[in-house]
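> could you look at this predicted model? Sequence included:
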Amino acid sequence: MTVPASPLFTDLYQLTMMQGYWHHGLHAREAVFDLYFRKLPFQGGFAVWAGLEPALGMLEGLRFSEGDLAYLEGLGQFRPDFLDALRGWRFSGQVTAFREGSVVFAHAPLLTVQAPLWEAQLVETALLNTLNFQTLVATKAARCVLAAGSSPHGGQVVEFGTRRAQGPDG
């Protein structure tokens, strides 16, 4: 799955917070946050961690294009000096996480981002969207395989999920 590498794949709130940090000289301060979930999906006992590869690819490719900057300027909410600062912006943080495909549980930190404050602020929404969706799909697939394992058909699973599932392009 390809994850959009646009920094506009976020909430407007994240962008306005970035500007606030930049304006007050706080943007370079180190921030650390963990992604985790509170409740297991499907009333199950585990989840299957997924989406790390596309999430890391998204972070690597994240850039503000001239079109992105023109859009933000047109909103009338962003200062020209802040928009100029975004021209060369790249994600420079570090990410640590469980290995993709790991069985994980509620309240466990699944991914940790350590980055300058404005970078951490920006990437939170896209990471949550990507990793929550991928983990949900992987968990459902694992539950289907486990359920089929005791069937007379010997654990065969056929799925037509793209007909009804919605990914980040939906």
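Looks like it came in fine.

> which stretches of the protein have low pLDDT?
Where the chain drops to pLDDT under 70, the residues are 1-4, 150-155, 159-170.

> tell me, what residue is most central in it?
Leu127 (1.1 Å; Cα atoms, centre = their mean).

> for it, pull up the helix or strand it's in.
According to DSSP states H and E, Leu127 maps onto helix 117-148.

> in that helix, what's buried?
Within helix 117-148, the residues that count as buried by 16 or more other Cβ atoms under 10 Å are 117-124, 126-127, 129-131, 133-140, 142-143. Glycine gets a C-beta too; all of them are placed from N, C-alpha and C.

> that older thread, list the contacts of the residue nearest to the centre of the chain.
Contacts for Leu127 (Cβ atoms under 8 Å, 6 or more residues apart in numbering) come out as Leu35, Ala55, Leu59, Leu111, Val113.

> let's see that with 7 Å instead.
Leu35, Ala55, Leu111 (Cβ atoms under 7 Å, 6 or more residues apart in numbering).

> out of these, who's the most crowded?
Ala55 (24 neighbours; other Cβ atoms under 10 Å).

> part of a helix, is that residue?
Yes. Counting by DSSP: H, G, I helix; E, B strand; the rest coil, Ala55 falls inside a helix.

> I'd assumed Thr130 was in contact with it.
Yes. Taking Cβ atoms under 7 Å as the definition, Ala55 is a contact partner of Thr130 at 4.7 Å.

> residues contacting stretch 83-96, please?
So stretch 83-96 is contacted by 22, 56, 59, 62-64, 69, 72-73, 111-116, 119-120, 123 (Cβ under 7 Å, 6+ apart).

> what is the burial count for Phe78?
Phe78: 19 neighbours (other Cβ under 10 Å).

> tell me the phi and psi of it?
Backbone torsions for Phe78, taken as degrees, to the nearest 10, come to phi -120, psi 140.

> ok, it - contacts?
Gln19, Leu72.

> if I look at it, how far off is Tyr71?
Per Cβ to Cβ, to the nearest Å, Phe78 is found 10 Å from Tyr71.

> mind listing the helices for this protein?
With DSSP state H as the criterion, the chain has helices at 12-23, 52-61, 66-75, 80-86, 117-148.

> nearest to Glu30, of those?
helix 117-148 (7.3 Å; Cβ to Cβ).

> chain center to the closest one: distance?
When C-alpha coordinates are averaged (Cα atoms, centre = their mean, to the nearest Å), helix 117-148 and its chain have centres 7 Å apart.

> please apply the same query to stretch 39-47.
That offset, for stretch 39-47, works out to 20 Å (Cα atoms, centre = their mean).

> ends of that stretch, how far apart?
10 Å (Cα to Cα, to the nearest Å).
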